[in-house]
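A.B. asks: Predicted model, plus sequence, below.
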Amino acid sequence: MSIIEEIKQRRAIRNYDERSVEKEKIEQLLDVATYAPTDRLREPWHFYVLGADKKKAYEKLATTYLEERFPTKPHLVESSMKVVLTTPTVIVVTAKQVEGDADATEDDIFATSCAVHSMWLAARELGLGFVWRTRGVGLVHDARLPEFIGANSDEKVIGTIFIGYPTDDDVKVTKRTPFEEKTTWL
């Protein structure tokens, strides 16, 4: 399949079977990420791959966060937690912040986002499902997450990746707005 078709077929996969993802495949995804474009080759990304014990602790942290955020919506908490509870591999991604340079920091967030997207495309080739979460169970807005993963003070969490073997190959193609409606030729 061409890279154009791969991009058009990319989907967020949230339903996984119980199989563990082989360490070699995780390493392949991490390696692909390092080829993302990055300003001045700062390579600002850092990946925190959660082992079994840390993943269990992440489940508790995510549950606590969602219950605090949505105290009157237990069904929302339960449905949001499904991906966390059924995903064999969880990776928290950070981008290094450049002290005193907000523009460089923003560039580094963009670069790290490209690294995540590269991983997402490669996951499909490896037969893996992938979803990148920010809000909600991604815990980007939970101030406890940086300490939980042991991030340095100059790192900003940009998302949490959930990876596994998909249970459903029939993921529906979502309708996209035609580029003509989002493009201005000057």
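C.D. replies: Yes, it's here. Numbers count the residues shown, from 1 in each chain.
A.B. asks: Show me the contact partners of stretch 36-47.
C.D. replies: 30, 33-34, 91-96, 98, 104, 107-109, 111-112, 114-115, 117-118, 151, 155 (C-beta atoms under 8 Å, 6 or more residues apart in numbering). Placement of C-beta: from N, CA and C, glycine included.
A.B. asks: which residues in this protein form helices?
C.D. replies: With helices called from DSSP state H, the chain shows them at 3-9, 23-33, 52-69, 74-86, 102-125, 145-149.
A.B. asks: Under the pLDDT cut-off, which ranges of the protein? List them.
C.D. replies: Counting by pLDDT under 70, the ranges of the chain that qualify are 1, 169-171.
A.B. asks: Okay, buried residues for the longest strand belonging to the chain please.
C.D. replies: As assigned by DSSP state E, the longest strand anywhere in the chain is strand 155-164. By neighbour count, with 16 or more other C-beta atoms under 10 Å as the criterion, the buried positions of strand 155-164 are 155-164.
A.B. asks: export those residues to a markdown table and tack on distance to residue 129?
C.D. replies: Rendered in a markdown table, the data for the buried residues of strand 155-164 read as follows (distance: C-beta to C-beta, whole Å):
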| residue | distance to residue 129 |
| --- | --- |
| 155 | 27 |
| 156 | 26 |
| 157 | 22 |
| 158 | 20 |
| 159 | 16 |
| 160 | 15 |
| 161 | 11 |
| 162 | 8 |
| 163 | 7 |
| 164 | 6 |
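A.B. asks: What is the nearest of these to residue 17?
C.D. replies: For those, the minimum distance to residue 17 (C-beta to C-beta) is 7.0 Å, reached by residue 164.
A.B. asks: Quick check: chain neighbours aside, which residue is closest to that closest one?
C.D. replies: Taking C-beta to C-beta, 6 or more residues apart in numbering, and ignoring the residues beside it in sequence, residue 164 has residue 16 as its nearest neighbour in space, at 2.9 Å.
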